[in-house]
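K.L.:
pasting the sequence and the predicted model now:
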Amino acid sequence: VTDVSLLIRDPYAVYAKRVLGLRPLPPLRPQPDAALRGQTLHAIVEALLKSRPASDTPVEMLRATFLSLTAEVLAREVPWPAARAFWAARIEGIADRIVADELARLAEGAPMVIENRGRVSLSGMDFTLTAKPDRIDLLQDGRVAVYDYKSGTPPTDAQIRHFDKQLMLEAAMARRGGFDALGPVDVAAIRYIQLGGEGRTFGREHDDGIEGETWDGFVRLVAAYLTGETGFTSMRAPERTSYAGDYDHLARYGEWALTDRAIPQKVG
């Protein structure tokens with residue numbers, strides 16, 4: 001499900017990654033980059049949830065647990081002292097907000113899916129959509145809230161409508177029984193928890209109609225690629241002109257411009 005936005009914006013990258021099976025080589029000299037920061041932040045909040053805090057846990061106690069787990073994860077995953085110190089200070093700066101919001105979430109429901117994989121097969125097509133949600137909470141009214149942790153800025157409602165469909169598709173999967181811990185459930189909300197900035201939680205527009213349109217559009221999109229009706233065009237809809245993909249050199253970008261018309265051609 002994390003590749004769906006890439007399939008919309010840069011279909012050739014999905015072709016190179018999923019069909020040709022090509023992956024970028026890891027750097028010869030690893031650095032504490034944005035990808036590692038995101039993975040580390042996710043590991044910290046996953047550890048917090050798996051410690052199974054309760055909604056009546058005292059704030060100071062949960063804050064101490066959160067910072068203790070932060071230190072453990074940073075010591076294990078980040079072998080750069082300067083980066084460890086900087087990231088620890090940033091997390092401590094948002095700890096009060098994260099902890100207060102977490103207690104509010106726990107009062108509303110219980111985390112049932114924490115980085116657990118789910119899947120839904122598309123009827124009539126040899127295609128299965130898989131997902132590993134950051135978190136899905138079962139609310140007290142029997143519905144669920146789907147969450148995603150973001151180290152950067154969460155997508156806007158407009159971006160979700162057109163490109164960043166991950167959470168909306170995870171909601172559609174939950175409604176179709178895609179997660180064993182839940183079975184088919186109604187979805188109350190999709191929300192982003194920012195692990196940077198001020199540590200705020202952002203709700204996004206969601207209802208059955210938007211979710212249904214997203215799912216139906218996704219099914220049509222997959223069918224168009226599987227039948228060959230649509231080709232895997234490079235940089236079909238990049239958000240920025242400064243976009244640089246891992247497979248641009250294989251697509252021979254530079255020998256053509258974004259304004260050039262794509263010409264279908266069968267390969268393989």
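P.N.:
Perfect, thanks for sending it.
K.L.:
list the contacts for G197?
P.N.:
G197 makes contact with I94, T153, according to C-beta atoms under 8 Å, 6 or more residues apart in numbering. The way it works is simple: take the backbone N, C-alpha and C, and place the C-beta from them, glycine included.
K.L.:
quick one: Y147 from D134, how far?
P.N.:
Per C-beta to C-beta, to the nearest Å, Y147 is found 6 Å from D134.
K.L.:
no wait, A75
P.N.:
Distance of A75 to D134, given as C-beta to C-beta: 23 Å.
K.L.:
quick one, which of those two is more surrounded?
P.N.:
Using other C-beta atoms under 10 Å as the criterion, A75 and D134 rank with D134 on top: 22 against 11.
K.L.:
doesn't K150 make contact with the more buried one?
P.N.:
No: D134 is beyond contact range of K150, at 9.2 Å (criterion: C-beta atoms under 8 Å).
K.L.:
which stretches in this protein count as helices?
P.N.:
All helices of the chain, identified by DSSP state H, fall at 4-9, 11-14, 34-50, 59-77, 81-108, 157-162, 166-175, 208-226.
K.L.:
now the third one: buried residues?
P.N.:
If I follow you right, that is helix 34-50. Neighbour-count burial for helix 34-50 flags 36-38, 40-49 (criterion: 16 or more other C-beta atoms under 10 Å).
K.L.:
before we move on, what about the longest one?
P.N.:
With burial defined by 16+ other C-beta under 10 Å, the residues of helix 81-108 counted as buried are 83-84, 87-88, 90-91, 94-95, 98-99, 101-103, 105-106, 108.
K.L.:
pLDDT score for R29?
P.N.:
Here, the pLDDT recorded for R29 equals 91.
K.L.:
same check, this time on V267
P.N.:
81.
K.L.:
how many residues are close by it?
P.N.:
Neighbour count for V267, taken as other C-beta under 10 Å: 7.
K.L.:
and if you look at T233?
P.N.:
For T233, using other C-beta under 10 Å, the count is 16.
K.L.:
over to E60?
P.N.:
E60: 9 neighbours (other C-beta under 10 Å).
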